[in-house]
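Peer 1: Okay, sequence plus prediction incoming.
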2 protein chains.
Amino acid sequence: MRGCPPARYAGCVHQPPADATGRPAVPNHMSPDEFRRHGHAVVERIARYMEEVRDLPVLSRDRPGDVAARLPAHAPERPEPFSVLLDDLDRVVVPGLTHWQHPRFFGYFPANASGPAILGDFVSSGLAVQGMLWQTSPACTEVETRVLDWLVDLLDLPGAFRSTSTGGGVIQDTASSATLCALVAARERATGMRSREHGNPGGLVAYTSTEAHSSVEKAMIVAGLGTAQLRLVPTDDARRLDPAALAALVAEDRAAGRTPCFVCATVGTTSTGAIDPVPQIAEITASAGAWLHVDAAWAGPAGLCPELRHLLAGVERADSYCFNPHKWMLVNFDCDCFWVRDRRALVGALSILPEYLRNEATDAGRVIDYRDWHVPLGRRFRALKLWWTIRWYGAEGLRSHVREGVRLNARLAAALAADDRLEVLGDSPLPLLCVRHRAGDEATRTMRERINASGEAFLTHCRTRGRGTDGAGHEWIRVAIGGTATTEADVDRLGARLREEALLAG
Amino acid sequence: MRGCPPARYAGCVHQPPADATGRPAVPNHMSPDEFRRHGHAVVERIARYMEEVRDLPVLSRDRPGDVAARLPAHAPERPEPFSVLLDDLDRVVVPGLTHWQHPRFFGYFPANASGPAILGDFVSSGLAVQGMLWQTSPACTEVETRVLDWLVDLLDLPGAFRSTSTGGGVIQDTASSATLCALVAARERATGMRSREHGNPGGLVAYTSTEAHSSVEKAMIVAGLGTAQLRLVPTDDARRLDPAALAALVAEDRAAGRTPCFVCATVGTTSTGAIDPVPQIAEITASAGAWLHVDAAWAGPAGLCPELRHLLAGVERADSYCFNPHKWMLVNFDCDCFWVRDRRALVGALSILPEYLRNEATDAGRVIDYRDWHVPLGRRFRALKLWWTIRWYGAEGLRSHVREGVRLNARLAAALAADDRLEVLGDSPLPLLCVRHRAGDEATRTMRERINASGEAFLTHCRTRGRGTDGAGHEWIRVAIGGTATTEADVDRLGARLREEALLAG
């Protein structure tokens, strides 16, 4: 497989081929003027996509292998013109997209994009700095720190989360990564920083509800604690973690000599948007000496609006907290905001300082080096898109986006509740509702599959108990509202379609 | 801190304020036409940055707190015009940047950006799809799979890494994350998939050289194995992992009843670009039944060029391999390509399938769901920028970029070696050389600090042994060549400056 022996490197320096003028051939770098020309074409193409997406089928109709079949088996040897790359968006890519920005994408959670966020991200790519250390671009660190401090105020988060207090915020890619970092910090705190060196000692246990996101389980795997040490706490009738059950499990573990180290409460569960009773959970967690992480990945922006803040009650006692502006706060993926109450606990868990990263500012301890706040070393200037989005909309614009989602959700819930074929589940005023056909799972599934196949809207599902039902429960259609482009007319159209399909399905 | 009680959600639905026409006020979304106008302005701004960056001081002159002081303490309540956002790039951001795209940025490793990559990334932001599952955008998965298969050919990687064989490739953010995933997969393989459930059983040990990247140590912490279980294997005179020392440590651990589970070899170390003897390491690793990960984060593109491929000898025996196109292959940050020989080992370690992510394509097992190939659940369409970069340059353009870096490095090494005040260390023909003043560390540090303070170039440092010296060794100036915009004239200018400073420093 490999050619000449590694013994003598010097002979392997390649003499570049000369072109007709005798100069060495250099790569075909795109000049600033070419960048202008092609860049303007891309702006037009994206704007056209924004205009057209409403008329495309929401769920891609490609079958497995269809996209790959439109691609050559081998990379091109020679450069290709930019126009061909651009044309291939239409030929290869767009038919293979499930359009998350379609106004009738109601699946999973919305992935809000917006003009200022897309352009802020474009600037980040264009400046192409890497912010692993304060020194490697002070602006990349300080804009992030400042904007995350802004959000502490906007969301009415505890003052200890401010960088000027004991804590601080950092942008991560996703809530999965934030949860992992919180768990690792919790593990280190529980072991007096010994597991960093000696590994997980065993006997550490963690808690979350049966309705919590799968990322908690994944974090347990990655962090070497193991899923068997994760207690899935039962929920009440409204799918909220049952504090009495948590207290009982904690007591049982402590009696058995195990150490509760981490509790993850959810504000806005993925299946139904249920909101765990954080104040009671915080009380139990504090008594147990464990770390409380609150995952509000989707529901977090509710904190912008005074009339919704009660949904986040108890967050003031969290050791760490995260939410994703890339879900419901108009910042395109990826952007998860993660705060800790005690930055020393997080940095102490994750910090390593090799010689080649040492520098005066770091040694003096006067700066934040965000590489110690997450798993990756390098980092994009993600704060740009968050900063621009907050400024373009203003706090009042962000609030109005949240309120519009809440309003449309209530409107749809009322329309569906009027149909006695349908059962509606709304675990909070936030824009996620679940609906099922009273005739059973098969009718519910048929409704969803027919709507998805039509391309008119996209809906995903969950399985949970309805009110007062036991066991594995039912299959439900989830309707997650809050897309950037979703209007009242889109929600009304979905409502009408769901009622039509309910009639057809029995 | 929180307002009304959570008992009754229904009363908390906000009635949106009406505007003058009586319609509810909606957020100030950027229309497609506004996006066109502002997008074109951003294209111009980025193009101007590309033109101007050469004349800016490479290292930011801001002191800690300077950027933050240019930002208001609170987020704006009202929307701000786009022109103000754009102007603030000049006022707030640019002075606070260390310019990684400056042609005389020679610090760390280069962070190659290029026109096609920046525009591909812009398209990714503009389409704003999220590729956690095949179904959530088939193109996001299949373009990635196909392009990573292309790279197996282009880099002459083992056929088992192809998606059509037993393995496959995935894009991760950084090599740190890839190393963590490799370690977790190794841990699961070593425990027969039991540590997923039961946690790290203890007794597992891992190996890498004293010159390896700090991310291996960080992965040991995160994965709950602990740094004390990482054997830092001594290196030879050329800073390459010493296979005999590795074999001895493995034997010692096995004799003590411990289980070697993971070996990380480096092709192109961060300090000096040293290349571990992977064939011998692979032999020892295989005998021990451990997982071999090869980290070629920076040096990987050498595999594009037949005359350099011998540097990657032994990779054909790796269980996993990663390199970063965002370092030296013209794809802007973040883009790490990670391959495994046996995708079942990786997916088996990281997969979790909650009901709300189930879908027909996944259940049928006919597709790749990349969320099982890394820590995050959600993911950007990163493959677009990689696909566009490979096509814009063509394989020959990528090779010519690599060869130009190698040529400029050899040219600088020759110029510096001619100065008898200087000692030059080049551990491979790849474009990273280390240079020191023979008068000692203080003279070397003075040279570096004076050049960095001048803004003319940016250099970082490392500490390692020179030829035939013992102990902690010396401080060296690292010169990493290979930036997208770096020319012969830039390298010559650095060479002249280094020699001038050497004279002044004694």
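Peer 2: Received, thanks.
Peer 1: anything in the helix or strand where residue A:345 lies near chain B?
Peer 2: Assigned by DSSP states H and E, residue A:345 falls within helix A:343-350. Yes. Against chain B, helix A:343-350 shows contacts by C-beta under 8 Å from any C-beta of the partner chain at A:349-350. Using the backbone N, CA and C atoms, a C-beta is placed for each residue, glycine as well.
Peer 1: Identify the residues contacting that helix?
Peer 2: With contacts defined as C-beta atoms under 8 Å, 6 or more residues apart in numbering or on different chains, helix A:343-350 is touched by A:163, A:166-168, A:181, A:184-185, A:187-189, A:193, A:196, A:319-320, A:340, A:372-375, B:218, B:221-222.
Peer 1: Only C-alpha atoms, please: export it in CSV.
Peer 2: Once non-C-alpha atoms are left out, helix A:343-350 reads as follows in CSV (Å, rounded to 0.1, in the frame of the first residue of the first chain):
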residue,chain,number,x,y,z
ARG,A,343,-17.1,27.3,36.6
ARG,A,344,-14.3,25.8,38.7
ALA,A,345,-16.2,22.5,38.8
LEU,A,346,-16.5,22.3,35.0
VAL,A,347,-13.0,23.6,34.2
GLY,A,348,-11.5,21.5,36.9
ALA,A,349,-13.0,18.4,35.3
LEU,A,350,-12.0,19.2,31.7
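Peer 1: Buried residues of it, list them for me.
Peer 2: A:343, A:345-347, A:349-350 (16 or more other C-beta atoms under 10 Å in any protein chain shown).
Peer 1: same check, this time on stretch A:405-420
Peer 2: Using 16+ other C-beta under 10 Å as the test for burial, stretch A:405-420 gives A:405-413, A:415-416, A:419.
Peer 1: So which of those is the closest to chain B?
Peer 2: residue A:410 (4.8 Å; C-beta to the nearest C-beta).
Peer 1: how long is stretch A:318-332 from one end to the other?
Peer 2: 26 Å (C-alpha to C-alpha, to the nearest Å).
Peer 1: And that stretch, how far out from the chain middle?
Peer 2: In terms of C-alpha atoms, centre = their mean, to the nearest Å, the centre of stretch A:318-332 is found 7 Å from the chain centre.
Peer 1: Pull out the buried positions in it.
Peer 2: For stretch A:318-332, a neighbour-count test (16+ other C-beta under 10 Å) marks A:318-332 as buried.
Peer 1: and if you look at stretch A:305-312?
Peer 2: Neighbour counts over stretch A:305-312 (16+ other C-beta under 10 Å) mark A:305, A:307-312 as buried.
Peer 1: so for that stretch, what's the average pLDDT?
Peer 2: Averaging pLDDT along stretch A:305-312 yields 97.
Peer 1: out of everything not next to it in sequence, what's closest to the residue of the stretch 151-300 of chain A found nearest chain B?
Peer 2: Here the residue of the stretch 151-300 of chain A nearest chain B is residue A:224; by C-beta to the nearest C-beta that distance is 2.1 Å. Spatial nearest neighbour of residue A:224, excluding adjacent residues (C-beta to C-beta, 6 or more residues apart in numbering or on different chains): residue B:224 at 2.1 Å.
Peer 1: circling back: so of the buried residues of stretch A:318-332, which ones are in helices?
Peer 2: A:325-328 (DSSP state H).
Peer 1: ok now the lowest-mean-pLDDT helix or strand in chain A, how far from the chain's centre?
Peer 2: None of the helices or strands of chain A scores lower by mean pLDDT, DSSP states H and E than helix A:360-363, at a mean of 79. How far helix A:360-363 lies from its chain's middle: 32 Å, per C-alpha atoms, centre = their mean.
Peer 1: which strands and helices sit next to whichever helix or strand comes after it?
Peer 2: Counting by DSSP H and E, the next helix or strand C-terminal to helix A:360-363 is helix A:383-417. Judged by 3 or more C-beta pairs under 8 Å, 6 or more residues apart in numbering or on different chains; DSSP states H and E, helix A:383-417 is in contact with helix A:115-127, helix A:138-154, helix A:325-328, strand A:422-425, strand A:432-437, helix A:488-504, helix B:82-88.
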